[in-house]
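This is a predicted model, with the sequence first.
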Amino acid sequence: MKHQNKTIKSRYLRFLICSTILILLLGLSVSCKKTETEEHQEPEGTPNIITLKVESLELFNLKTEKVALRLIPIQFTASGRIGFNEKKLVHITSRVSGWVEKVYAFVGDKVRAGDTLVSIYSPEFLSAQGEFIQAEERLESIPQSDSVELHTATALYQSAKAKLLLLGTNEVEIGKLADTHQPVSQLTIRSPLSGTVLESNVISGNAVQKGDNFFQLSDLSSLWITANVYEKDISLVRLGQRVTINTSAVSGKNYQGAVEAISDVLDETTRTCKVRVVVDNKTGELKPEMFCEVIFESTMQNKLLAIPEIAVQSLGEEQVVFTPTGKSTFTKKSVKLGRHLGSFVEILGGLEPGEEIVTEGSYTLKSELMKGQLGEE
């Protein structure tokens, strides 16, 4: 009897030990599975996920759109300086020696092409007129049948006429001289273009020499702007490209211009390239030496992965967007940004075409995310 009781107790003890070991093994298995689940699943309420209540979702009025490749219109600005249109800028110099008889135009005066600027008394001019009269008379006196003499006289006549033209006499004056054979005492210097007298160095009675500078004139109805375009933007500039110009000197008004030339040389100090823009100035509001801002608009030749700039939020040094992952759940995603292209920003990493992101209301989600993080702390 004692032996039988002892056997029962032994079996019961083994049963307890096995049961205990089994329970411990089951508990360890559940614990491991729970830990594994926690490692691979990020429950709602973690720092990367925002869950909104239904009433908050309606109040925030969030808007979303899908990430896509885009042809982005790009706008960038460059500083500029207004200058003369050198195609319409002239320096008038003396072609003879003599004395100034009378000055007709002064600094700031508006002149038209052909207007008299100054008259010069010059023995050289009188001598040139005499040579022309003699050559013309000789040409008229030679019979047409004498081809050799006629050829020589014609050459002398053309040479004398060319000399008068070089001195500043026009065709009308030469024709009158040929008709009257009466030389004029003064050489009249006229404006070659319509414009403004910018500089005058002549005074009545002064002696002058060949090469002396008389006037500087410019047609200010169009001007040149030298824009300093940074090297990162120069590939977006094209000849003939339309640009917008504004200057603080004339507030509230924009001017239109066009790219006329692009320098082939980059400034090694400023890392800019000079771009010449021609701008219409018939109103006369723009002045040479004014500073201005030149606004260029271009379109990338290739499509870029870009999203609206309002979709991107900064969290310290991290740039993030929010993607809807449920009816009222949103997940934070880090993105790598490229160029800022107007109201868009280029995406270099973190998003793929077709993904949906929050645009309007992303700042609200950022605020909710930060509230959650503060609450956990």
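Nice, I can see it.

In space, what's closest to Met290 - neighbours in sequence excluded?
By the measure of CB to CB, 6 or more residues apart in numbering, the closest residue to Met290 outside its immediate chain neighbours is Ile82, 4.5 Å from it. The C-beta positions use only the backbone N, C-alpha and C, and glycine is treated the same way.

Pairing partners for the lengthiest strand in the chain, with directions?
Taking DSSP state E as the criterion, the chain has its longest strand at strand 250-266. Sheet pairing for strand 250-266, assigned by DSSP bridges, gives strand 242-247 (antiparallel), strand 272-280 (antiparallel).

what element comes up after the longest one heading to the C-terminus?
Moving toward the C-terminus from strand 272-280, the next helix or strand (DSSP states H and E) is strand 291-299.

Tell me where the model's unsure across the chain.
Applying pLDDT under 70 to the predicted model, the residue ranges of the chain that meet it are 1-47, 300-301, 372-377.

Tell me the buried residues in stretch 303-311?
Of the residues in stretch 303-311, those buried under the neighbour-count criterion (16 or more other CB atoms under 10 Å) are Leu304, Leu305, Ala306, Ile307, Ile310, Ala311.

Also stretch 185-201?
Neighbour-count burial for stretch 185-201, with 16+ other CB under 10 Å as criterion, is recorded at Gln186, Leu187, Thr188, Ile189, Arg190, Ser191, Gly195, Thr196, Val197, Leu198, Ser200.

about what we covered before: pick the most buried one from the strands paired with strand 250-266.
A comparison of those by mean neighbour count, using mean count of other CB atoms under 10 Å, puts strand 272-280 on top with a mean of 20.

how distant is that strand from the center of its chain?
Shown here is strand 272-280, whose average C-alpha point lies 8 Å from the average C-alpha point of the whole chain (CA atoms, centre = their mean, to the nearest Å).

How about residues contacting that strand?
Under the criterion CB atoms under 8 Å, 6 or more residues apart in numbering, residues 78, 80, 82, 85, 221-231, 234, 237, 243, 245, 255-263, 265-267, 286, 294 lie in contact with strand 272-280.

For it, list the C-alpha coordinates in CSV.
Presented in CSV, the C-alpha positions along strand 272-280 are these (Å, rounded to 0.1, in the frame of the first residue of the first chain):
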residue,chain,number,x,y,z
THR,A,272,28.0,85.1,-62.9
CYS,A,273,27.6,85.5,-66.6
LYS,A,274,26.8,88.8,-68.2
VAL,A,275,23.6,88.8,-70.3
ARG,A,276,22.7,91.8,-72.5
VAL,A,277,19.0,92.7,-72.5
VAL,A,278,17.5,95.4,-74.8
VAL,A,279,14.5,97.3,-73.3
ASP,A,280,12.2,99.9,-74.9
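
thinking again about what came up before, how about the buried residues of stretch 303-311 in JSON lines, adding secondary structure and distance to Val277?
Output for the buried residues of stretch 303-311, formatted as JSON lines (DSSP: H, G, I helix; E, B strand; the rest coil; distance: CB to CB, whole Å):
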{"residue": "Leu304", "secondary structure": "strand", "distance to Val277": "27"}
{"residue": "Leu305", "secondary structure": "strand", "distance to Val277": "32"}
{"residue": "Ala306", "secondary structure": "strand", "distance to Val277": "28"}
{"residue": "Ile307", "secondary structure": "strand", "distance to Val277": "32"}
{"residue": "Ile310", "secondary structure": "helix", "distance to Val277": "32"}
{"residue": "Ala311", "secondary structure": "helix", "distance to Val277": "35"}
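
what's the closest of the residues you listed to Phe125?
Leu304 (68.5 Å; CB to CB).

Name the SS class of the residue nearest to the closest one when sequence neighbours are not counted, please.
Of all residues beyond its chain neighbours, the one nearest Leu304 is Glu346 (5.3 Å), with distances taken as CB to CB, 6+ apart. When classified by DSSP: H, G, I helix; E, B strand; the rest coil, Glu346 comes out as strand.

Quickly list what Glu346 is bridged to.
Listed beta-bridge partners, Glu346: Ala306 (assigned using DSSP bridges).

list the contacts for it?
Under the criterion of CB under 8 Å, 6+ apart, the neighbours of Glu346 are Ile72, Leu304, Leu305, Ala306, Leu337, Gly338, Arg339, His340.

Try it again at 10 Å.
Contacts of Glu346 were listed using CB atoms under 10 Å, 6 or more residues apart in numbering, and they are Arg70, Ile72, Met300, Leu304, Leu305, Ala306, Ile307, Lys336, Leu337, Gly338, Arg339, His340.
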